[in-house]
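# A predicted structure for the sequence below; I have some questions about it.
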Amino acid sequence: MIKLDGIATFVAIAEAGSISEAARRLRLSKSVVSDRLTDLERSLGANLVHRSTRKLTLTEDGVAFLERASRIAYEVKEAAADMSERRGSLIGPLRISAPVTFGRMHLGPAIYPFIVKHPGIELTLDLDDRRVDAGAGGYDAVVRHGPIVDSRLVAWRLARSRRVLVASQEYLTRCGAPASMADLDHHVGIFYANRGAGDWRFPDSNGATIVRGRAALVVNNGDMMRDATLAGIGIALLPTFIVGDDLKNGRLRLVDVGMRPEEEFIYVAHPDGRRPSAKLRAFADCLRGAFGDPAYWER
């Protein structure tokens, strides 16, 4: 007989790409996850994965079974959630991915009351500055800053966000303050690696102007960009949710070149085609209430 926990475990293995990672996400031992997979394969009479010391891949049967297995696991999870909602409570796992710096500075303080209010929810928060795949990564949703470019995601706007050019007074005294886009092109920059060559992008009548100054540092973390800017290394384009306090207290200065980056937002986004759960809707409402409109870091 096929067991539901075996199906859910197989889906987790396929999404994670390894038994070890699936065990971590399920909070089970590796041996339990492996045994569940073996039992499922025995019940189906087919091997679902190719096992090797270096990589785990799905067999042809595994690929064929995964689509329906994913649907079954999701429907069972949602059925259990619906039953709890009928009783007026929110229970079950909720897996969210979010950027590291935003998560540390703003997401954590916003969700702690949510966790206390809904003790039946088991929230897993993965902080990662990479653009994770919400669908393939097994997440219920992702919190993101910036434009949503993945058409497979349905985005709910949580708060407005804007990025500003900033530098330390020490850097501006040493190198001068750029007053135009042409000036900016000759300055030293601190760039966000995950945005690539188009990090400093400013919309104009011709579409957009992209500035590619000399890079003193390219890094994939907002905390390090802020610290490098405070150290006087160069100019950075950073969101106000990171540097708002530094601007208010005079540790950093705004750099005005007559153009502004395109407006951005804080989003929570879930895979298209999935009915968002009451847990996820409550989570998004909690964040909107905590951030405010305008967001407290913009006031």
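Received it, and whenever you're ready, just let me know what you need. Predicted, not measured: the structure shown is a model, and the values here were computed from it.

# residue ranges with poor pLDDT in the stretch 101-250 of the chain?
Scanning the stretch 101-250 of the chain for pLDDT under 70 picks out the ranges 135-137, 148-151, 197.

# Distance check, the closest residue to His186 other than its chain neighbours against Asp245.
Nearest residue to His186 in three dimensions, chain neighbours excluded: Gly213, at 7.0 Å (CB to CB, 6 or more residues apart in numbering). For the C-beta atoms, the positions are set from N, CA and C on the backbone; glycine is no exception. Gly213 is 26 Å from Asp245, where distance means CB to CB, to the nearest Å.

# In terms of neighbours, single out the busier of the two.
Gly213 (18 against 13; other CB atoms under 10 Å).

# who's in contact with the more buried one?
184-189, 200, 234-235 (CB atoms under 8 Å, 6 or more residues apart in numbering).

# Nearest to Arg71 among the residues you listed?
The nearest member of these to Arg71, counting by CB to CB, is Trp200 at 43.3 Å.

# pretty sure that closest one contacts Arg212?
Yes: assessed by CB atoms under 8 Å, Trp200 is found in contact with Arg212 at 7.2 Å.

# quick one, which of those two is more surrounded?
Trp200 (24 against 12).

# May I have the phi/psi pair for the more buried one?
Backbone torsions for Trp200, taken as degrees, to the nearest 10, come to phi -90, psi 90.

# residues touching it, list them.
184, 189, 191, 210-213, 237, 261.

# Look up how far Ile233 lies from it.
16 Å.

# Please name the bridge partners of the residue nearest to the spatial centre of the chain.
Closest residue to the average C-alpha location of the chain: Ala98 at 3.1 Å, with CA atoms, centre = their mean. Note on Ala98: beta-bridge partners by DSSP bridges are Leu127.

# Was I right to think it contacts Asp126?
Yes: at 7.4 Å, Ala98 and Asp126 qualify as touching, with contact defined as CB under 8 Å.
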